[in-house]
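Q: return a 3D structure for these sequence lines:
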Amino acid sequence: MKPFPSIFPSLCLLLVLYANAPLSGQTMPEPVLEYTIDDPVALQAEVVAVNLDLPWDLVWGPDDRIWFTERTGAIKAYNPVTGLVELIDTVPNVFNSSDNSGLHALFLHPDFENEPWIYVNYTFTFNDLRLSRFRYDGTALVEEDTLLELAGQDSHNGARFQLDQSGRLLFATGDAFNPFLPQDSSSANGKILRMELDGSVPADNPFVDLPYPGNLTYSIGHRNPQGLVQLPNGEIWETEHGPDSEDEMNRILRGRNYGWPEVNGSCDQPEEEAFCADYAVVEPVLTWTPTAGPSGLDYYNHPAIPQWRNSLIAGFLKRRGDPGQRIRVARLSDDGTEVLSVTDYLHEGPVLPTDLGQLNQTGVFGRIRDVLCAPDGSVYLCTSNREFNGQYVVTEADDRLIRIYNPAFSAEAVPEGEVLVYPNPAPSGSAVYLKFPDDASGELPIRIYDIRGRLVLDQLVEVGPFVVIRLRGLAPGNYLLRMGANDYSATIAERTVKFQVRPRND
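A: Residues are numbered from 1 along each chain as shown. Alright, predicted model coming up:
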C-alpha cells in the first residue's frame, strides 16, 4: 500500500458558508440547570459552573481539579469539592476570530509535580497555529517552549492531545481549510502526530525517515479532528468533522491513511474506489449524515454507571440532524475494536427556529464541546454555545460545565475483596505488598491504571500469602490496581483496589 500520494488528484474548490447568523431580536431560551436522565440506572445531570468563556478542552489535573482551556486564551481550574473556578493564567498572544480560532487543546505533563509543563495549542495569527508548552511556577505560566508551528485558520484547527501508552504525545491537527495538506507528507496538518514530550521525533514513528515535520506523522488524511482518546488496552479512537456529510468516528491505526480529501467518509463512491485501493484507506467505524458535529471524546469504564461500561462518550455540536446536539454513548466490543451499540442522551431540548424559518430540535444543554470521564465515575461536559454557531441555543448562563452522575452510587460500597494493599499510600519509588487469603494460589494478572485510565503497569504474579509489586516510575497520584482479569472490560468492582503513591519526602 502507498502511505502518501506522490501526485495530488484534482481537488474541488471548497466554499465555506456561514449558515448560522444570529436572528434579529431573538429571545434567549431559559437555561437548564439540572436534568434527570431516565435510564436503566437513573442519572442526574446538573450544571456546576456557569458564564464560562467558550471552554474547549477538559483535563483531570493532578490536584483533583478539572483544568480547562477557554478559546479566548484563559486556562482555568474547577474544584469539584468547593465548586470554585480559578484562573490559572492566560496564554499570551492568542489570536481570536469570529469563528473557531483561539486557544484549544490542553495537556498536563504526567509527572507534573516534578515537570510542571502545561501543553497547549493556539492560533497566534489568522493563518498560523502553535503547539507550545509553558512551565507553571505555581502562580503563572513562564518559559514558553514552542514545539511546533503549522498552518492555522479561523476554523479547522483541530485539535486534541492524548498521551499514548509509550509516554509519547499524540496531537490531532486540522486541515486549516486547505484540502491539499492532509495528503502532503511535508505538512503537519490533517494528521495525527506523535512526538516525545520535548517535541522531538520518536525513533519508532511510522514515517520516521521523512523530513521534519512529516516524520512526526502517526496517521494521515484527516479533515478536522475534534476528539481523541486511547483505551487502557492501547486502542486509539478519534472523531472528526466531515464537510456536508459523513462526520466520522475512527479507530486510529499506526501509519494508515484516512482518505481526506479524496475520500469523504466510507469508500462508497466510484470516484473514491481507486484511491481507497491504492492507499489502503481506513474507513470510519461510524458516520453521520447530515453532519452533526461530533466533538470531544472520552472512554468510560466505571461501575458508577453500569450501562455505560466499556463505552466511548462523544459530544455533538450541531442543532440540526440526527444525532444533533447531545452526547452519544458507543458501547464497545470486549477488545475495544468495534462499536456494538449506540445510545443518545440529552437530545430532547427545545425546538427553536433557524434563520431559514425551519424548526430544529436542540439539545438539553445545547452544543457539547468536550467530555471528561472523572475518576469518581462522574462525566463532565462543557458547552460551546456562545460561539458563532451557537446563536440559537445560547442562554444567560452560558457557557456551562455540567456533571452527570449516578446519585445512588457510593464508592465506599464497592467491594474490594479480601486482598489487602499496604502501605497505602505508598512512598514514590518503593513497593506495595498484596496480602491474599492463606489458601489462594495460582498465577494472577496485576494491572495498575492512573487516574485517566492509562495502563502503567502490567505483570503476571504467582499468588502466595504476600506478593510484592515494585512502583518504579510511578509518579505521585491516585491509582487503581486491578487483579484477576486479562480483559480490561472485566467487572471493576470485584477486582480493583484503590491506592495512592505519595512523594518520598511526605
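
Q: ramachandran angles for Glu338?
A: Per-residue torsions, Glu338: phi -130, psi 150 (degrees, to the nearest 10).

Q: isn't it right up against Val285?
A: Yes: at 7.2 Å, Glu338 and Val285 qualify as touching, with contact defined as C-beta atoms under 8 Å. C-beta: built from backbone N, CA, C; applies to glycine.

Q: among the two, which residue is more densely surrounded?
A: A count of neighbours by other C-beta atoms under 10 Å puts Val285 above the other of Glu338 and Val285, at 16 against 12.

Q: put the alpha carbons of whatever helix or strand Arg403 lives in into CSV.
A: Arg403 belongs to strand 401-405 when elements are defined using DSSP states H and E. Extracted in CSV, the C-alpha atoms of strand 401-405 (Å, rounded to 0.1, in the frame of the first residue of the first chain):
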residue,chain,number,x,y,z
LEU,A,401,-19.8,23.0,32.9
ILE,A,402,-22.1,20.0,33.5
ARG,A,403,-21.7,17.0,35.7
ILE,A,404,-23.6,13.7,35.0
TYR,A,405,-23.6,11.2,37.9
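
Q: could you give the mean pLDDT of stretch 202-213?
A: When pLDDT is averaged over stretch 202-213, the result is 97.

Q: and that stretch, what's buried?
A: Pro202, Asn205, Pro206, Phe207, Leu210, Pro213 (16 or more other C-beta atoms under 10 Å).

Q: list the contacts for the fourth one?
A: Read that as Phe207. Pro3, Ser185, Gly214, Asn215, Thr217, Gly255 (C-beta atoms under 8 Å, 6 or more residues apart in numbering).

Q: when you check these against the strands, which ones overlap?
A: Residues of the contacts of Phe207 located in strands (DSSP state E): Thr217.

Q: which member of the contacts of Phe207 is positioned nearest Asp268?
A: Of all the contacts of Phe207, Asp268 sits closest to Pro3, with 22.5 Å by C-beta to C-beta.

Q: so the closest one touches Arg254, yeah?
A: No: Pro3 is beyond contact range of Arg254, at 11.0 Å (criterion: C-beta under 8 Å).

Q: higher neighbour count, the two?
A: Taking neighbours as other C-beta under 10 Å, Pro3 and Arg254 compare with Pro3 leading, 18 against 12.

Q: out of the helices and strands in the chain, which is least certain?
A: helix 492-495 (a mean of 41; mean pLDDT, DSSP states H and E).

Q: CA atoms of the next helix or strand after that one as CSV?
A: Heading C-terminal from helix 492-495, the first helix or strand you meet, by DSSP H and E, is strand 496-502. Extracted C-alpha coordinates of strand 496-502, given in CSV (Å, rounded to 0.1, in the frame of the first residue of the first chain):
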residue,chain,number,x,y,z
THR,A,496,-10.0,-3.4,41.9
VAL,A,497,-8.2,-1.7,44.9
LYS,A,498,-7.6,2.0,45.1
PHE,A,499,-4.2,3.2,46.3
GLN,A,500,-2.1,6.3,46.3
VAL,A,501,1.6,7.0,45.6
ARG,A,502,2.9,9.9,47.6
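
Q: run the chain-centre distance for strand 496-502.
A: 24 Å (C-alpha atoms, centre = their mean, to the nearest Å).

Q: same deal with stretch 163-180?
A: The answer for stretch 163-180 is 12 Å, by C-alpha atoms, centre = their mean.

Q: which of the buried residues of stretch 202-213 fall in strands?
A: Short answer: these have none in strands (DSSP E).

Q: nearest to Leu148 among those residues?
A: Nearest to Leu148 among the buried residues of stretch 202-213, with distances taken as C-beta to C-beta, is Pro213, at 6.5 Å.

Q: close enough to count as contact, the closest one and Leu150?
A: Yes: Pro213 is within contact range of Leu150, at 7.3 Å (criterion: C-beta under 8 Å).

Q: what touches both of those two?
A: What both Pro213 and Leu150 touch, as defined by C-beta under 8 Å, 6+ apart, is the set Ser187, Ala188.

Q: where in the stretch 1-150 of the chain is pLDDT low?
A: Residue ranges of the stretch 1-150 of the chain with pLDDT under 70: 1, 6-27.

Q: 90 instead?
A: 1-32, 40, 62-64, 97-101, 110, 113 (pLDDT under 90).

Q: mark out where each domain of this structure begins and ends.
A: Here the domain parsing of the chain from automatic domain parsing is 34-410, 414-502.
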